[in-house]
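1. turn this into a structure:
(2 chains, ligands or ions: 3)
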Amino acid sequence: MVEYDSSLIEADRFPNRDAPLSGLAPQVGPDADRRMPDAGTVRLDATRPHASRRSDPEPDGTGLYVHVPFCRSKCRYCGFYSVPVAGRHTGRLVDCLLRELDQYDGIEFTTGYIGGGSPTALPAGQLIGLACQVAQRLVSGAEFTVECNPGQVEPGLLEGLRQAGVNRLSFGAQSFHPAELELLGRGHRAEDIRSSVDLARRVGYDNLGLDLIFALPGSSLTDWQYSVAAALDLGVQHISAYSLSFEPGTVFDAWRRSGRLSAVEEDLDRAMYDWTIERLGQAGLRQYEISNFARVGCECRHNLGYWANQPYVGIGPGAASSAGILPVSGLGVPNAGFCVGEPRGMGVPAMTADTDHGQGAQGRDGRAPSCSWAGRPCHGQGARVTNNPEIESYVIAVENGAPIPREVQPVNAADTLCETAVLNLRRRAGIDLATFARQTGHDALRTFAGPIQRYRDLGLIEVTPGAVRLTAPALPIADSILCDFAALE
Amino acid sequence: MDIQHIRNFSIVAHIDHGKSTLADRMLELTGTITAREAKDQILDSMDIERERGITIKASGVTMEYERDGETYMLNLIDTPGHVDFHYEVSRALTACEGALLVVDASQGIQAQTLANAYVATEAGAEILGVINKVDLPAAQPELVAEEIEHVLGIRRNECFRISAKTGLGVKDLLDAVCDLLPPPADRRHEPARALIYDSHYDDYRGVICYVRVFSGTLKVRQKIRLMGEGSAYQVTELGKFRPDMRPVDELGTGEVGYVIANIRNLGDVHIGDTITDDARPAPDALRGYKPPMQMVFSDFYPGNNTEYPRLRAAFERLALNDASFSFIPQNSQALGFGFRCGFLGLLHMEIIQERLERENDIDVVQTAPTVSYEILLSDGTAKRIDSPSELPDRTQVQEIREPFVRLEIITTTDTIGGVMKLAESRRCKLVKTDYLSPTRVLFEYRAPLSEIVYDFYDQIKGISHGYATMDYEFTGFEAGDLVKIDILVNHTPVEALSLIVHRSNAEARGRKLIIKLRRSIPRHQFEIPLQVAIGGKIIARETIKAYRKDVTAKLYGGDVTRKMKVLKRQKEGKKRMKSIGSVEIPQEAFMSVLDTSD
Ligand SMILES: Nc1nc2c(ncn2[C@@H]2O[C@H](COP(=O)(O)OP(=O)(O)OP(=O)(O)O)[C@@H](O)[C@H]2O)c(=O)[nH]1
Ligand code: SF4
Ligand SMILES: [Mg+2]
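-> Ligands and ions are numbered 1, 2, ... in the order given. Model (predicted):
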């Protein structure tokens, strides 16, 4: 776990930066006036969250993810990058998030997602202000989600977010068992989940999701059934049910090593998973990805973008952006996103003209013709760019208009094929052959003929006229199959 | 150089008795290498040799030495000590008139000391006894001298007492090489004949032949003929190892060096062949080498079937540099195209496999080594098989004969009990016992090769606290009460896992084997039964459980790089596996056939 040295952005060093929450009127930092959206417009978007829902959405476009790297306290199982919020000058970071977002000027995002960490660890005014700015960058009708911690939502906050344009909330419920919540180190009680969901409803949200974790050490099938039943009682549109994984560096991982905890038996994990699929299905929450269930039309479109391997921009410390989207440099420079070609080295954003498919980085509108920038398919060369997680170096870089320290992971044509296949196959819909061909320029059936044949023979993969997908028995053991799609044979 | 001043000699000894270290001192004393170039065991130039600290290939070097105001040309060949590389020693000796038989002063005569003394004698080499490591506190040079006299008939007062480490006595030994070893026979005026005793392939220059000239002279630009294949080439370069390759204009009678003639066809060069003058060919070739007898066989398959041609090319090169290794194409229904390879022993096999992967970067899947068997068919004819999978149907087999060896074990008297017990449990029959000294004994056994070729050496080493050494020599095939064990994986017999064993322990071996397989075959998406069949009857079963849960719970944008890496690693793990039906069997599983431990 990265220990964050708070000295750089301690609140008391920048007392005037922390904008107070005054009523429901969102204000953020010095630029707030310039950026405040017209409330009417925002409300209009927010009031028609179903505007463009389709029954089986195949998103295209570019997603926007904003990472808030703070939490009230650290949960014991959590491997995300986040630091305790106490004593941080959160306003300064939020300003930086907005300035980083500015670097992608010109892109209209089709989904927005503020996640973390815990966005709700921010002072309400800052979170609302952040949401306002993000909303401005979304196309009309876009799904816009904010992750919320149960018990960390106030009427004012939820109302402000709604007005800003947020139309979907995802609650990190995890469990409804007091003992399990205690073990997880979550700062909330089961009651907080219920009251937070009720509140969200009352404020007017009609697209709500809950995250749950199963296979907790010491838990039984009955325990899990209890939490699922409680979640269903709340009538949410979306449930993500994750099997616990022991992430390196977490308290859980250390406890497991020392023998204080142990993972549940594989058979129990399996039984819980099988039961979940069945039970949620009965309740009208259709499984649409390995761990995700939703009412038809309420699938998380932002996350569907990841599994479709559509481009996305990640803002904030530790956030990742997909192939082809990289701002030219720090602040102040007009955006010129372009395919980064094959970067010459790690950690160095490759931004020289000769990496731009020979087009010249600033050539025409700075875009290479066959690249995935802003939603166009990228046939091959590219990179995934991940901001370094350290908050202080992020803040310093952004404030000084310097390039944000980031790791550039080259993604070549073969990687793109494999990643697209692996991500697609996590969806119940699997690989849509036509989309795959359009996106990668290759025929999935031919490219992955070997594994498709092998697993088809075993009844683990099925090929329909337009798609290739995992069969139901393949889901619990998907990695043992997907690994054969992770590299070309 | 006139022939009277040439000396050709090999250094031979049991493993680790200090041959390569002695060569180091000689190279220094003769000024062949400077102090700056010096490093320990400089002639062990292959990476594997340096890493393992053992000599694998014999290597020659030419030195010049002043003795009583006269300059001698000394051609030294350092040889390996391990039993598996015995063939290297016998080939080196044919290029020499003399041999230095080195014995460790703290260990005395060991199994390969004897074996090497026999070959040197057989090769007609003049032997000088050398007692090394006299600097060690545990050295007992007088006792060892006595042993040498008693066992080898070299008089104790004629043995040289040296320390290859400190250099003590090495100069006297060099003087003795000049004074006591004979020069080569003078055949300068006969047609040129040079024996190819080794070779290697160079990407730029083709095959490089290592030769000893027995008669006549080889010259640069001379047209030569390889007498075996009859093909002719023009010499582009001649040279000597000093120890790196140094060109010379000619190699005269008695000299040792290399020949380059732009030979690209690897099949033209055979170790043991004779090079002669194309214009004035010798009437007959030199006596070559009797082909080595491979003791163990194992099938090698490329991890990926498309690599077959590369694997073939790699084996061709290796064979050029290792005359004791054989390979023939093999087509297995389950494993695809590969090669059946023959080796002199397990270390030899390990080395070849490692060189293959290192020098050629090819992933191979290898089946467990086996000895060969002679099958007496019901029609009265005999047939050799190098793999249990070739065993004909039971109804056609009258008798299965297995290879037997003469096994020599030298150990200390206080460990006799343990060693004898082990030998007995491995079906070895004691033939003779000999006391080398009051505390050391030499056993001779008649032993089935299959019982002693795999883990036996490690076991007697353990029982004797490292003191026992062994050597063996093939004597012939003998009938035994042998049966074939078949292994069925997911109801399919896997030939590469079959083995032929003595009936008395067939069932126990089979049961152990499937337990090992259960541990080494990874879980699959389905349950895999493992069964043992003897004579067509299933006698035991184990089950590999199916995966119940193996899936990444979360995979979103920021996780892609890391999760793809994890999946790739999972896939990577399947690289050295072979799929039989829909079961992926890893390399270790094939090897578990060998493991007789619990
Ligand atoms: N103390 C002492 N150690 C020696 C002497 N000669 C060799 N050694 C050591 O014995 C070990 C084996 O020496 P090598 O020269 O590699 O033996 P080798 O006979 O060439 O071994 P193989 O080629 O593997 O058969 C090394 O650790 C040497 O340093 C000696 O005179 N005195
Ligand atoms: S689980 Fe969520 S709230 Fe808990 S530490 Fe992790 S990011 Fe923060
Ligand atoms: Mg050596």
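2. which residues touch the closest residue to B:I271 other than its chain neighbours?
-> Using Cβ to Cβ, 6 or more residues apart in numbering or on different chains and skipping the chain neighbours, the partner closest in space to B:I271 is B:A323 (3.9 Å). Glycine gets a C-beta too; all of them are placed from N, C-alpha and C. Contacts for B:A323 (Cβ atoms under 8 Å, 6 or more residues apart in numbering or on different chains) come out as B:Y87, B:R91, B:D198, B:I271, B:G272, B:Y289, B:P292.
3. correct me, but the last one touches B:S324?
-> Translated: B:P292. Yes: taking contacts as Cβ atoms under 8 Å, B:P292 lies within contact range of B:S324: 4.3 Å.
4. which stretch of helix or strand covers the residue nearest to B:I271?
-> Using DSSP states H and E, B:A323 is not contained in any helix or strand.
5. returning to what we had before: overlap of the contact sets of B:P292 and B:S324?
-> Joint contacts of B:P292 and B:S324 (Cβ under 8 Å, 6+ apart) are B:Y87, B:L344.
6. between these two, which is the more surrounded one?
-> Neighbour tally, B:P292 and B:S324, criterion other Cβ atoms under 10 Å in any protein chain shown: the higher count belongs to B:S324, 25 against 20.
7. from what I see, the more buried one and B:L347 are in contact.
-> No: under the criterion of Cβ under 8 Å, B:S324 is not in contact with B:L347, lying 11.8 Å apart.
8. so what's the residue count around A:S393?
-> For A:S393, using other Cβ under 10 Å, the count is 16.
9. how close does it get to A:R384?
-> 20 Å (Cβ to Cβ, to the nearest Å).
10. same deal with B:F343?
-> Distance from B:F343 to A:R384, counting by Cβ to Cβ: 48 Å.
11. now for the nearest residue to A:V313 once chain neighbours are set aside: which residues touch it?
-> Closest residue to A:V313 apart from its sequence neighbours, by Cβ to Cβ, 6+ apart: A:S321 at 4.8 Å. Going by Cβ under 8 Å, 6+ apart, A:S321 touches A:Y312, A:V313, A:G314, A:R384, A:V385, A:T386.
12. how about these in JSON lines, adding neighbour count?
-> Output for the contacts of A:S321, formatted as JSON lines (neighbours: other Cβ atoms under 10 Å in any protein chain shown):
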{"residue": "A:Y312", "neighbour count": "27"}
{"residue": "A:V313", "neighbour count": "27"}
{"residue": "A:G314", "neighbour count": "27"}
{"residue": "A:R384", "neighbour count": "27"}
{"residue": "A:V385", "neighbour count": "26"}
{"residue": "A:T386", "neighbour count": "20"}
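13. state the distance from the nearest residue in space to B:N157 that is not next to it in sequence to B:L181.
-> Closest residue to B:N157 apart from its sequence neighbours, by Cβ to Cβ, 6+ apart: B:A145 at 7.8 Å. Per Cβ to Cβ, B:A145 is found 20 Å from B:L181.
14. also A:L157?
-> Taking Cβ to Cβ, one finds A:L157 at 98 Å from B:L181.
15. so which of these two has more stuff around it?
-> Neighbours per residue (other Cβ under 10 Å) separate A:L157 from B:L181, with A:L157 holding more: 25 against 20.
16. residues contacting the more buried one?
-> Residues counted as contacts of A:L157 (Cβ under 8 Å, 6+ apart) are A:T120, A:A124, A:L127, A:I128.
17. can you count the residues close to B:I127?
-> Neighbours of B:I127 (other Cβ under 10 Å): 20.
18. for it, give me the pLDDT.
-> With respect to pLDDT, B:I127 scores 98.
19. touching ligand 3 at all, the host helix or strand of it?
-> Using DSSP H and E, B:I127 maps to strand B:126-132. No: using Cβ under 5 Å from the ion, strand B:126-132 never reaches ligand 3; the gap is at least 11.9 Å.
20. how about the residues of the stretch 51-200 of chain A that lie near ligand 2?
-> Contacts of the stretch 51-200 of chain A with ligand 2, taken as Cβ under 6 Å from any ligand atom, map to A:C71, A:K74, A:C75, A:C78, A:F80, A:S82, A:G116, A:G117, A:S118, A:N149, A:G172.
21. show me the one in those that has more neighbours than the rest.
-> That'd be A:S82 among those, by other Cβ under 10 Å, with 27 neighbours.
22. so who does that one touch?
-> By Cβ under 8 Å, 6+ apart, the contact list for A:S82 reads A:P69, A:F70, A:C71, A:K74, A:G116, A:G117, A:S118.
23. just B:D434 next, same as before
-> For B:D434, the contacting residues are B:V441, B:L442, B:F443, B:E444, by Cβ under 8 Å, 6+ apart.
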